[in-house]
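Undergrad: structure for the following, please:
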Amino acid sequence: MNIVAIVGRPNVGKSTLFNRLTGEKNAIIEATPGVTRDRLYGTSDWNGKSFLVIDTGGFIPGTEDTMEKAIREQAYVAIEEADVIIFVCDARDGVTPFDLDIAIKMLLLLSIKAIMKKLMLILMNFLNWVWVIHIRFRH
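TA: Residues are numbered from 1 along each chain as shown. So this is what the prediction gives:
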């Protein structure tokens, strides 16, 4: 079964997307950053294809805070496990320096060989709709 990881900085809609994809409300949705800390797994079906979805906590690059480092490590595990990475950004803010830093860290985490096996999507989250930028790495 393919694995899809949802990653991005805090409060960009990762858990909302997770709940929509799984059809359940297992991920807690809060306006307060840092509610999701561990990886949360669920299953989804899209056009007859089943896949595993992983929700991750908000990724804050470079911080030395113990909790933030642990959340970042959980996101790294999800990225490594995934066949598809959905990188969620908040379109109201545009692509922020944090977003760019996260993208760079994701690419540095994976070897070139591993990157070529993954499918990456950038999802710009608007209030009522999303814009998806498809970046195909997988052969």
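
Undergrad: got the contact list for the helix of greatest length in the chain?
TA: With DSSP state H setting the assignment, residue counts place helix 66-81 as the longest helix in the chain. Outside of helix 66-81, the residues that reach it under the criterion C-beta atoms under 8 Å, 6 or more residues apart in numbering are 3, 5, 7, 34, 36-39, 54, 56-61, 63, 85, 106, 109-110, 114. The way it works is simple: take the backbone N, C-alpha and C, and place the C-beta from them, glycine included.

Undergrad: could you redo the last one with a cut-off of 10 Å?
TA: Among residues not part of helix 66-81, those counted as contacts by C-beta atoms under 10 Å, 6 or more residues apart in numbering are 3-8, 10, 14, 34, 36-41, 52-63, 65, 85, 87, 102, 105-107, 109-110, 114, 118, 120.

Undergrad: go through those residues and flag which are in helices.
TA: Among those, the members found in helices (DSSP H) are 14, 102, 105-107, 109, 114.

Undergrad: buried members of those residues into ChimeraX, please.
TA: A single ChimeraX command is used to select the members of these judged buried by 16 or more other C-beta atoms under 10 Å:
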select :14,102,105,106
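
Undergrad: which two in the ones in helices among the contacts of helix 66-81 are spaced the farthest apart?
TA: Using C-beta to C-beta, the two most remote members of these are Lys14 and Ala114, lying 21.8 Å apart.

Undergrad: in contact with the residue located most distally from the centre of the chain, which residues?
TA: Residue distances from the centre of the chain (C-alpha atoms, centre = their mean) peak at Gly48, which lies 22.5 Å from the mean C-alpha position. Gly48 is in contact with no residue at all, counting by C-beta under 10 Å, 6+ apart.

Undergrad: alpha carbons of stretch 88-104, as PDB, please.
TA: As requested, C-alpha coordinates have been extracted for stretch 88-104 and formatted as PDB (Å, rounded to 0.1, in the frame of the first residue of the first chain):
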ATOM      1  CA  VAL A  88       1.200  22.100   2.700                       C
ATOM      2  CA  CYS A  89       1.700  25.900   2.700                       C
ATOM      3  CA  ASP A  90      -0.800  28.600   3.700                       C
ATOM      4  CA  ALA A  91      -1.600  30.600   0.600                       C
ATOM      5  CA  ARG A  92      -2.600  33.600   2.600                       C
ATOM      6  CA  ASP A  93       1.000  33.900   3.800                       C
ATOM      7  CA  GLY A  94       2.500  32.800   0.500                       C
ATOM      8  CA  VAL A  95       5.700  30.700   0.600                       C
ATOM      9  CA  THR A  96       7.500  31.900   3.700                       C
ATOM     10  CA  PRO A  97      11.200  31.500   4.600                       C
ATOM     11  CA  PHE A  98      10.100  28.700   7.000                       C
ATOM     12  CA  ASP A  99       8.500  26.900   4.100                       C
ATOM     13  CA  LEU A 100      11.600  27.200   2.000                       C
ATOM     14  CA  ASP A 101      13.800  26.000   4.900                       C
ATOM     15  CA  ILE A 102      11.500  23.000   5.400                       C
ATOM     16  CA  ALA A 103      11.700  22.100   1.700                       C
ATOM     17  CA  ILE A 104      15.500  22.400   1.800                       C
END
